[in-house]
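Asker: Let me see the structure of the following:
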Amino acid sequence: MFSLMYGLWKQISSKTEFHVLILGIDKAGKTTLLEKLKELYSNLEGIPPDRIVPTVGLNIGRIEVANTKLVFWDLGGQLGLRSIWEKYYEEAHAVIFVVDANTPSRFEDSKSALEKVLRHQDLQGAPLLILANKQDLSSSESADEVARYLDLKKLDERAYIFKGVSAYDGRGIKESVEWLVDVMERSKRTEVLRSRTPPV
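Answerer: Okay, the predicted model is just below:
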């Protein structure tokens, strides 16, 4: 009886864990976003934005939202590093794609990188959160304007949304994360990844 009750308690109290890729071209604010996430959800002081250097490889961050653990993989966005992104696709539950909304001259590069990500078979059905970052700057384009420019076509029925955020001051981030957790919990992609993992 004890083992049955313990097993039930363990199942109820265990937290779901999701792996989320943070992608985007260089200087979009991906690592600044990761540091702000840690600060907002873990009460840890993140690296100040002026001390963040371009990511070469991978940064990992973990946070908890309600009964959910999120593990973020922040991957370097320089052109020469984007080839490593696909090594992480197969285990990802969702993608956050960060766009520097203050630099329209680089939207074309962002669009090209995002389209390549979305075409990859290993990410089929993964929910997509596109962040128009740097909304703390008055010259930044809005999320709607970024959406119009990126002009995403039908996305194999994946859930996606554009949100305006500031990784610098945190605006819009919590609402964006709440949306992502909600869609990941109901995603067919999550069901597929769970079915691949043998029960403990």
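
Asker: For the rest of this, base every contact and every neighbour count on C-alpha atoms.
Answerer: OK.

Asker: and the residue nearest to the spatial centre of the chain, what does it touch?
Answerer: Nearest to the mean C-alpha position of the chain, by C-alpha atoms, centre = their mean, lies Ile96 at 2.7 Å. Listed by C-alpha atoms under 8 Å, 6 or more residues apart in numbering, the contact set of Ile96 reads Val20, Leu21, Ile22, Leu23, Leu128, Leu129, Ile130, Leu131.

Asker: Beyond the helix or strand containing it, next helix or strand please.
Answerer: Under the criterion of DSSP states H and E, Ile96 resides in strand 94-100. Using DSSP H and E, the next helix or strand after strand 94-100 towards the C-terminus is helix 107-119.

Asker: Provide the secondary structure category for Phe72.
Answerer: strand (DSSP: H, G, I helix; E, B strand; the rest coil).

Asker: wait, it sits on Ile22?
Answerer: Yes: counting by C-alpha atoms under 8 Å, Phe72 touches Ile22, with 6.7 Å between them.

Asker: any idea where the strands of this protein begin and end?
Answerer: 16-23, 58-65, 68-75, 94-100, 128-133, 160-164 (DSSP state E).

Asker: Settle this for me: Tyr41 is touching Arg62, isn't it.
Answerer: No: using C-alpha under 8 Å, Tyr41 makes no contact with Arg62, being 9.2 Å away.

Asker: Which of those two has more residues huddled nearby?
Answerer: Arg62 (17 against 13; other C-alpha atoms under 10 Å).

Asker: What's the separation between the more buried one and Thr190?
Answerer: 18 Å (C-alpha to C-alpha, to the nearest Å).

Asker: Flag the shaky bits of this structure, pLDDT-wise.
Answerer: 1-14, 154-156, 197-200 (pLDDT under 70).

Asker: Could you dump the strands of the chain into JSON lines and include distance to Tyr88?
Answerer: Converted to JSON lines, the strands of the chain look like this (distance: least, C-alpha to C-alpha, whole Å):
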{"stretch": "strand 16-23", "distance to Tyr88": "8"}
{"stretch": "strand 58-65", "distance to Tyr88": "10"}
{"stretch": "strand 68-75", "distance to Tyr88": "8"}
{"stretch": "strand 94-100", "distance to Tyr88": "11"}
{"stretch": "strand 128-133", "distance to Tyr88": "15"}
{"stretch": "strand 160-164", "distance to Tyr88": "19"}
